[in-house]
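Peer 1: quick one: sequence plus predicted model below, questions after.
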Amino acid sequence: MLSAFVLLPTLPYLWVIVGAILVPIVWVKTGRTRKAMMAAAGCTTKEEWNAFVNALPTKKQLKAMQQNTGYRPGSALAAVAHADGRPAASPAPQRRTASTTFISPPRPELRYPKYSLLSPKHANIEVVGEAYREKSVIAALGGLTPEVEKTVEDAITFLIHEPENPYGEGHAVMVWMNGHHVGYLASEDAAKYMPYIKRITDAGYLPTTTGRIWGVSRHDWQGNLKHHLYARVALNDADQLTPTNDPPAGDYSFLPWGNAIQVTKEADHLAELTEHLHGPDSYAIATLRETSRTLKNGTVREYVTVYMSGDEIGELTPNMSEKVLPTIRHLHDLGYEAAAWARVRGSALAIEVTLHVAKAHEVPDSWLAEIPVTVPALHRSRTTATSDPSTTGGIPQAPSNDDTPQAAREQKWDF
């Protein structure tokens, strides 16, 4: 009892000591939390933060907003941001690692028809510069939830030559995924692909392939939200992006893609095939026609003759011809010539040709509903650019890159 009376006068001092320890800790934690919340709301000053807090709806108003927006995550916050004229809150301000950063032009409005590049099924070429376009990459991903990884496979990807980029040495290639500019091809890759990308754009088409985007947002040790983003595009080697020739000038339709089928008697047509051998491995467009031959015993046998650019380059074996003739005859009855993707490999001494064609029993119903399946012509001469679709069959033509500034060209772009 005596000890309690002795310690009683010291209790106020103990509380002062405890308070001196806890108050700074609580103050620092509260300050960090408020700073993170201000950054997430896009506020940089205390006045902006107070205005943001005062504009937040009550629980009743928030519930009504959620009901009107179908309970979509973030839609109520977006509705509040749009109501007072501010953009929707972003997870974190965009990071910059240099004092001067090249800002690409606003989103293009290119009305070119799309040209599907010959590409592998998997994304194999890295995209660079994602860190400078975090908001665009996150938008292409469809948004990110903190601490949750997200991947988008087969993202619709456009490639555009940007000659006026000061860091691209004239061969910069922009990468757009799901309608957002997410980065560029690396300098070494851009130097290889740019001539082919430019040829397609100059012909009036938008080079299109698929891509893969991965992203995750994580808090660092200071509580700041950091974005980790990664993108790749699917591209063949540069000289295999497009066929070496144009499709038939008349009415035609591609046969559905399938396993490789060997063409025979290529050795009899080396001169014609050499024109389609751009390097050791190239792709070309072949046309397939039904032909009959009378054997010595008087039997008439039907087989398939293969042509490229109007020149005969070989034929299919009788056995393989039987497996594709039903599809060729079906297209012929509809008034279309049969076209197919051909792979040309070899050298000036020997060339091998294979066709990627589905056999008649492998043809999917979806292809039957899509006839005719066609691709644009890149090698035939095209009319000079015009902005009047009525003079170009409804397809606006590309302006010449030599005479038109990049900014003026991009005003015509629309994804």
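Peer 2: Right, received. Where do you want to start?
Peer 1: what's the domain layout of the protein?
Peer 2: 13-83, 109-240, 252-370 (automatic domain parsing).
Peer 1: looking at those, which one has the lowest mean pLDDT?
Peer 2: Lowest mean pLDDT within those: domain 13-83, a mean of 55.
Peer 1: can you map out the helices along this protein?
Peer 2: 2-7, 11-40, 46-55, 59-68, 75-83, 134-141, 187-202, 270-274, 318-333, 365-370, 406-410 (DSSP state H).
Peer 1: which of the domains of the chain sits most buried?
Peer 2: For the domains of the chain, average neighbour numbers computed from mean count of other Cβ atoms under 10 Å are highest in domain 109-240, which has a mean of 19. Glycine gets a C-beta too; all of them are placed from N, C-alpha and C.
Peer 1: the residue lying closest to Tyr230 once chain neighbours are set aside pairs with what?
Peer 2: With sequence-adjacent residues excluded and distances taken as Cβ to Cβ, 6 or more residues apart in numbering, Tyr230 is closest to Trp214, at 4.6 Å. Residues in a beta bridge with Trp214, per DSSP bridges, are Thr151, Tyr230.
Peer 1: swap in Thr210?
Peer 2: Ile156.
Peer 1: can you pull the contacts of it?
Peer 2: 119, 123, 154-157, 233-234 (Cβ atoms under 8 Å, 6 or more residues apart in numbering).
Peer 1: pick the one among those closest to Leu331.
Peer 2: Closest approach between the contacts of Thr210 and Leu331, by Cβ to Cβ: Ser119, at 25.4 Å.
Peer 1: for the closest one, list the residues it contacts.
Peer 2: By Cβ under 8 Å, 6+ apart, Ser119 lies in contact with 209-210, 234-236, 241.
Peer 1: which of those residues sit farthest apart?
Peer 2: Thr210 and Leu241 (13.3 Å).
Peer 1: pretty sure the residue nearest to Tyr230 is touching Lys150, no?
Peer 2: Yes - the pair Trp214 and Lys150 passes the contact test of Cβ atoms under 8 Å, sitting 7.3 Å apart.
Peer 1: and His332, how far is that from Arg289?
Peer 2: 9 Å (Cβ to Cβ, to the nearest Å).
Peer 1: please read the previous query as pertaining to Ala340.
Peer 2: 11 Å.
Peer 1: and what of His181?
Peer 2: The spacing between His181 and Arg289, counted by Cβ to Cβ, is 45 Å.
Peer 1: ok so, going back, the contacts of Ser119 into TSV, with extra columns for distance to Asp268?
Peer 2: Converted to TSV, those look like this (distance: Cβ to Cβ, whole Å):
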residue	distance to Asp268
Thr209	36
Thr210	39
Ala234	36
Leu235	34
Asn236	29
Leu241	30
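Peer 1: looking at those residues, which is nearest Ser366?
Peer 2: Thr210 (18.0 Å).
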